[in-house]
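# build me a structure from this.
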Amino acid sequence: MLKGFKEFIMRGNVVDLAIAVVIGAAFGAVVTALVADFITPLIAAIAGKQDFSALKFTVNDSTFLYGHFINAVISFVLIAAAIYFVIVMPLNRIAERRARKVASGEPDPDPKPEDIILLEQIRDLLAASQGSSGPSADRPMPS
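Model prediction:
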């Protein structure tokens, strides 16, 4: 029982996911501090308020803290922008560069793993066999 659990935990994708969650939480804390300590006071200085979290309105004895919501929206936008500019754009550039190299005939520096190549070949063979002849009695149609 413990052996199976150890194999599950030591599987690469589980460990990678755990690391991503920890780094994501730390990154979120940094961005939240940036928003709370720098961005919000800067915007508040321009708008004339010192703290967005104090912004509120009341309707029938119900208080709505829309300033806190503004802080959360600013945090979200900054986190999304940071992820886009720090992670997504560089990875897209790397993928485009690799695609240009492959298209020009240069060998791929990071070839695909053998199991991926084998699965692609099986997929292509299945597609070719289904395209060339209709389904037969001895070969069921895939669902």
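# beyond the helix or strand containing Pro90, next helix or strand please.
Element membership of Pro90 [criterion: DSSP states H and E] is helix 89-103. Moving toward the C-terminus from helix 89-103, the next helix or strand (DSSP H and E) is helix 114-132.
# pull that next one out as CSV, backbone CA atoms only.
This file holds the C-alpha atoms of helix 114-132, laid out as CSV (Å, rounded to 0.1, in the frame of the first residue of the first chain):
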residue,chain,number,x,y,z
GLU,A,114,10.3,7.7,-28.5
ASP,A,115,6.9,7.0,-27.0
ILE,A,116,5.5,10.2,-28.5
ILE,A,117,6.9,9.3,-31.9
LEU,A,118,5.5,5.8,-31.6
LEU,A,119,2.1,7.1,-30.7
GLU,A,120,2.1,9.6,-33.6
GLN,A,121,3.0,6.8,-36.0
ILE,A,122,0.2,4.6,-34.6
ARG,A,123,-2.2,7.5,-35.0
ASP,A,124,-1.1,8.1,-38.6
LEU,A,125,-1.4,4.4,-39.4
LEU,A,126,-4.9,4.3,-37.9
ALA,A,127,-6.0,7.4,-39.8
ALA,A,128,-4.6,6.0,-43.1
SER,A,129,-6.2,2.6,-42.6
GLN,A,130,-9.6,4.2,-41.8
GLY,A,131,-9.3,6.6,-44.7
SER,A,132,-8.4,4.0,-47.3
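# ok, and for that helix, which residues are buried?
Within helix 114-132, no residue counts as buried by 16 or more other Cβ atoms under 10 Å. Every C-beta, even on glycine, is put in place using the N, C-alpha and C of the backbone.
# thank you kindly, that will do.
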